[in-house]
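Asks: Take a look and give me a structure for this.
(one chain, ligands or ions: 2)
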Amino acid sequence: MSVLKNEDPRIHGIKTKIRVVPNFPKPGIMFQDITTLLLDPKSFKDTIDLFVERYKGKNISVVAGIEARGFIFGPPIALAIGAKFVPLRKPKKLPGDVIFEEYTLEYGRDRLEMHVGAVQLGERALVVDDLIATGGTLCAAMNLLERVGAEVVECACLIELPDLQGRERLNGKPLYVLVEYQ
Ligand SMILES: O=P(O)(O)OC[C@H]1O[C@H](OP(=O)(O)OP(=O)(O)O)[C@H](O)[C@@H]1O
Ligand SMILES: Nc1ncnc2[nH]cnc12
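Replies: Ligands and ions are numbered 1, 2, ... in the order given. Here you go, the predicted structure:
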């Protein structure tokens, strides 16, 4: 993990709680495991607090969380800033009418779906996930929101893998991350 100048002192604690598992789920992947962070209530709370401090008062009406790990961080952020939470789900999980976007991953292909009617024209949205790798997932999430006329204010992730240059797929949308893993 890199140490950034002037970074919030809580970030160091957060970094130490993320476990890196080599060769999972495939050879060559350095898997960033946030389940170890969740075992430490202080670091978990610090993570949520840092996002809430950034987004409170920014007039965000919807937090869109990406399945599965965006469902861990998105809802507490949404509650704390007074926004609704919209789950962006993997295929065939949502019971109502959906729109979908397909994308490629560091280790495969997938699709995200969103309920029609969950987000209205003109809403201000924050997209939340645990990690950006190639950026395909966040790009698909933003496309879903923009297709229904929402404004994506920012994407927020706990971890960025900068070597994979995922930011470049976000079409200039701002991305806020707490931790970079080189
Ligand atoms: O930037 P990208 O290359 O698109 O990759 C990032 C995505 O990969 C991981 O999820 P994964 O698809 O493994 O699903 P899971 O959370 O259901 O395990 C991670 O939680 C992000 O959602
Ligand atoms: N290296 C990684 N660790 C955890 N989740 C990921 N999603 C895509 N790449 C990942």
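
Asks: Which stretches in this structure count as strands?
Replies: 19-22, 30-33, 62-66, 84-88, 98-105, 108-115, 124-132, 151-160, 175-180 (DSSP state E).

Asks: Let me know which of those strands is the nearest to Pro9.
Replies: strand 175-180 (12.3 Å; Cβ to Cβ). C-beta coordinates here come from the backbone N, C-alpha and C atoms, glycine included.

Asks: I'd like the mean pLDDT over the closest one, please.
Replies: Averaged over strand 175-180, pLDDT sits at 98.

Asks: near ligand 1, which residues of the protein show up?
Replies: Listed as neighbours of ligand 1 in the chain under the rule Cβ under 6 Å from any ligand atom: 66-69, 105-106, 110, 129-137, 166.

Asks: Report the buried members of those.
Replies: When these are checked for burial by 16 or more other Cβ atoms under 10 Å, the buried set is 66-67, 69, 106, 129-137, 166.

Asks: Just give me the least confident of those.
Replies: Least confident entry in those, by pLDDT: Glu106, with 67.

Asks: residues in contact with the residue nearest the centre of the chain?
Replies: Geometric centre of the chain, nearest residue: Asp129, 1.6 Å, by Cα atoms, centre = their mean. Going by Cβ atoms under 8 Å, 6 or more residues apart in numbering, Asp129 touches 65-66, 69-70, 73, 137-138, 141, 155-157.

Asks: Over to Val52?
Replies: For Val52, the contact set (Cβ under 8 Å, 6+ apart) comprises 76-77, 80-81.

Asks: And the pLDDT at it?
Replies: At Val52, pLDDT is 98.

Asks: cool, Val3 as well?
Replies: The model reports Val3 with a pLDDT of 50.

Asks: Got phi/psi on the residue of the chain most remote from its centre?
Replies: Outermost residue of the chain with respect to the C-alpha centroid, by Cα atoms, centre = their mean, is Pro27; its distance is 24.3 Å. With angles defined as degrees, to the nearest 10, Pro27 sits at phi -50, psi 140.

Asks: related to what we said a few turns ago, in a markdown table, list the strands of the chain along with distance to Glu7.
Replies: A markdown table is the format used below for these (distance: least, Cβ to Cβ, whole Å):
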| stretch | distance to Glu7 |
| --- | --- |
| strand 19-22 | 19 |
| strand 30-33 | 18 |
| strand 62-66 | 24 |
| strand 84-88 | 28 |
| strand 98-105 | 29 |
| strand 108-115 | 31 |
| strand 124-132 | 18 |
| strand 151-160 | 14 |
| strand 175-180 | 9 |
